[in-house]
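Chemist: fold the following.
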Amino acid sequence: MRREPHAARLPSLGVVLRKLLTIVALGALLASSASGAPRQVLQSTTQELMPGVTYTRQVEFTPRGPVVLDVVTAPKPDGSLYTLAPVLARGQRLTAVEQGLAASATTVGVNGDFFATAGHQPSGIVMRAGALDEAPVTSRSSLGIGPDGTLSSARVSYKGTWQGSGQRRSLDLNLAPVKGHATLYTPSWGASTPVESGVAEAVFSAFPAAQPNQPLQATVTQLVTAGPTPIPPGGAVLVARGLQAQALQADAPVGQRVEIRLTLTPNWSGMASALGGGPLLVAKGKPVFDAKESFDAKVVNQRGARSAVGQLADGRILFVTAEGGRAAYSVGMTSYELAVALARLGAVTAVGLGSGSPAGMVFDGTLLTRPSGGTEQALGDALVLSYAGVWAALPTVAVLSPNGDGVDDTQSFAYKLPRPSRLTAVLTGPAGARVVLADDQEPAGVHALSWDGVGAAEGSWTFTLTATDDAGKPSSAQRTFSLDDTLAALTVTPPASASFQLSRAATVTVTAERRNGTAVATLLNGPLQPATQTVTWDGRGADGKKVPAGPYQIHVVAQSAIGRSELTASMTLP
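Modeler: Next up, the predicted model:
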């Protein structure tokens, strides 16, 4: 047993995601068409991304072509270990957004709302931690996230006003300049106000959180007549144009107290956060055919990549992305087809998010989806589920085989702590076997442990982490693997002879394969007794014809009383 230094990198993350990207789900959960045309579905399994959060990649063949659907199912956000909230991207890719969050949480997310190409400004509401960043679009659905993790959908309207010493006047929030309008710019907009002249700009060095439906009061500390003007951290800038500029100069000189109201109808001041989107896809468990929202018919009726968020009856959250844009890989879905898929997954409510090339899904900073445009796109905002507990990567090997042959002799475990924590890492195995790998106080960050398994019982093993962070918050994570010494010492002797050791009776299959894993010949398939076994390949394929010279591999699979184990060795056929 050997401990690795705390500064160790997370070696298995790429391996985890490569495995995830080969998964194809069991069962037909997609909507092939409104007419219920037959579907042909490939089968596979579901992977756990982090405690309680699973990822499934479903591939279906339909009359219109293949469809790939990525589904994440997560616990109801409790605001403690699990938090669901929008994140402003402002031109970043979702992978970069999540990488920026990696130190404080393990995350999975999808693209957010539609956005303006110039500046990547979200087109609908954004509310974070109860503070409003962007106003809603009344003619489209907005998604509200309650403090208890309950999702709501409504058409929310906005009315903003400001008032100095004179009358109350209308106000935009974090919008690109509109002639004759006044706009409040908070730090959510960026570092400074837009480049403008002939305007009046009132600077508030301190400004309260922009909570909707509340009177927000601040004192003017500077008045300027051109932008850009730096937006103070924790402050704001009120920019007025045309007649509004004249009113601002008269009613809000330096030292004047100004009251601002950002009113939402219905009153969503009790929401923890909110995000623009649409259309409404599922209501009361039923798919919505036409929500009659302000979308061009092409946006909702054309098949392509699109994302959505939904909630199950028990409160669990669904992230769903239909991949698209590639006829030979995934043709995508219409908005209604995605609605049907969500209803079949059990969603009682669901709202669409952005569609087209920005649609995608990311886990811990790495793409789970294949971008429809070939490369990941920058976003205006994203919807991210964050997990603040201890997280464990998949073990580096699925089958530990500590027999000294140099293959899978050591198991490694990588894990992440978002906060300093008291941590225990324990291995449990057959017949009550228990091995303590760690029991100490550890700093936040990525850590690694290793275990050689020498002398341990063969069978199924579980790696369990339990942690209590410096805020007193407990969490745990588990990963499983097997220990199996059935197979050992696979060697290939030129030109095409292979030998291996079998430690117990097993049903053994030996195949000759191309380097990509495609089998060209079966050399052995049947029961064998413990012994050193040898097989020879005559260089012929399954059809009896000689295969071309070049690189191949010998693949041995043994199914024994312990389980399945396998070895692969490269060779070159002359």
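
Chemist: confidence score at T22?
Modeler: We have a pLDDT of 39 for T22.

Chemist: ditto for G315
Modeler: The predicted local confidence for G315 is 98.

Chemist: who are the neighbours in contact with it?
Modeler: By CB atoms under 8 Å, 6 or more residues apart in numbering, the residues touching G315 are 75-76, 149-150. Every residue, glycine included, has its C-beta placed from N, CA and C.

Chemist: among those, which ones are buried?
Modeler: Buried residues within the contacts of G315, defined by neighbour count using 16 or more other CB atoms under 10 Å: 75-76, 149.

Chemist: could those be laid out in a markdown table, adding distance to V156?
Modeler: What follows is these, written out as a markdown table (distance: CB to CB, whole Å):
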| residue | distance to V156 |
| --- | --- |
| P75 | 27 |
| K76 | 23 |
| G149 | 19 |
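
Chemist: can you put the residues you listed in JSON lines and add secondary structure, pLDDT and distance to A438?
Modeler: Output for the buried ones among the contacts of G315, formatted as JSON lines (DSSP: H, G, I helix; E, B strand; the rest coil; pLDDT from 0 to 100; distance: CB to CB, whole Å):
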{"residue": "P75", "secondary structure": "coil", "pLDDT": "98", "distance to A438": "26"}
{"residue": "K76", "secondary structure": "coil", "pLDDT": "98", "distance to A438": "31"}
{"residue": "G149", "secondary structure": "coil", "pLDDT": "97", "distance to A438": "32"}
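
Chemist: among those residues, which one sits closest to A398?
Modeler: P75 (26.0 Å; CB to CB).

Chemist: my read: the closest one touches V53, true?
Modeler: Yes: P75 lies in contact with V53 (CB atoms under 8 Å); the separation is 7.2 Å.

Chemist: part of a helix, is A245?
Modeler: Yes: the assignment for A245 by DSSP: H, G, I helix; E, B strand; the rest coil puts it in a helix.

Chemist: how far away is it from A236?
Modeler: Going from A245 to A236 by CB to CB, to the nearest Å gives 17 Å.

Chemist: got it, and I554?
Modeler: Taking CB to CB, one finds I554 at 68 Å from A236.

Chemist: then G270?
Modeler: From G270 to A236 the distance is 23 Å (CB to CB).

Chemist: also A209?
Modeler: Counting by CB to CB, the separation of A209 from A236 is 10 Å.

Chemist: likewise L223?
Modeler: 14 Å.

Chemist: of the two, which one has the most company?
Modeler: Higher neighbour count among L223 and A236: A236, with 26 against 17, using other CB atoms under 10 Å.

Chemist: quick one: pLDDT of P494?
Modeler: P494 is given a pLDDT of 89.

Chemist: let me redo that: S35
Modeler: S35 is assigned a pLDDT of 36 by the prediction.

Chemist: what of V224?
Modeler: At V224, the model reports a pLDDT of 97.

Chemist: who's it bridged to?
Modeler: Judged by DSSP bridges, the bridge partners of V224 are E201.

Chemist: using PDB, write down the CA coordinates of stretch 512-521.
Modeler: Only the C-alpha atoms of stretch 512-521 are listed here, as PDB (Å, rounded to 0.1, in the frame of the first residue of the first chain):
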ATOM      1  CA  ALA A 512      -6.900 -12.300 -33.100                       C
ATOM      2  CA  GLU A 513      -7.900  -8.600 -33.600                       C
ATOM      3  CA  ARG A 514      -6.900  -5.500 -35.400                       C
ATOM      4  CA  ARG A 515      -5.500  -2.800 -33.200                       C
ATOM      5  CA  ASN A 516      -8.900  -1.100 -33.100                       C
ATOM      6  CA  GLY A 517     -10.400  -4.200 -31.400                       C
ATOM      7  CA  THR A 518     -12.100  -5.700 -34.500                       C
ATOM      8  CA  ALA A 519     -11.900  -9.500 -34.300                       C
ATOM      9  CA  VAL A 520     -10.600 -11.200 -37.400                       C
ATOM     10  CA  ALA A 521     -10.300 -14.800 -36.100                       C
END
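
Chemist: hmm, who's touching it?
Modeler: With CB under 8 Å, 6+ apart as the contact definition, stretch 512-521 has outside contacts at 496, 511, 523, 537, 540-542, 547, 551-555, 570.

Chemist: and it, which residues are buried?
Modeler: Under the neighbour-count criterion of 16+ other CB under 10 Å, stretch 512-521 has 512, 520-521 buried.

Chemist: ok, now stretch 49-68?
Modeler: Applying 16+ other CB under 10 Å to stretch 49-68 flags 49-53, 55-60, 62, 64-68 as buried.

Chemist: and the end-to-end length of that stretch?
Modeler: Its first and final residues considered, stretch 49-68 spans 19 Å by CA to CA, to the nearest Å.

Chemist: for the residue nearest the centre of the chain, which non-adjacent residue is spatially closest?
Modeler: Central residue of the chain (CA atoms, centre = their mean): V108, 2.7 Å from the mean position. Spatial nearest neighbour of V108, excluding adjacent residues (CB to CB, 6 or more residues apart in numbering): F363 at 4.7 Å.

Chemist: so what's R370 up against?
Modeler: By CB under 8 Å, 6+ apart, the residues touching R370 are 68, 323, 326, 329-330.

Chemist: ok, now T73?
Modeler: 53-54, 56, 312, 316-318.

Chemist: so A102 makes contact with D364?
Modeler: Yes: counting by CB under 8 Å, A102 touches D364, with 6.6 Å between them.
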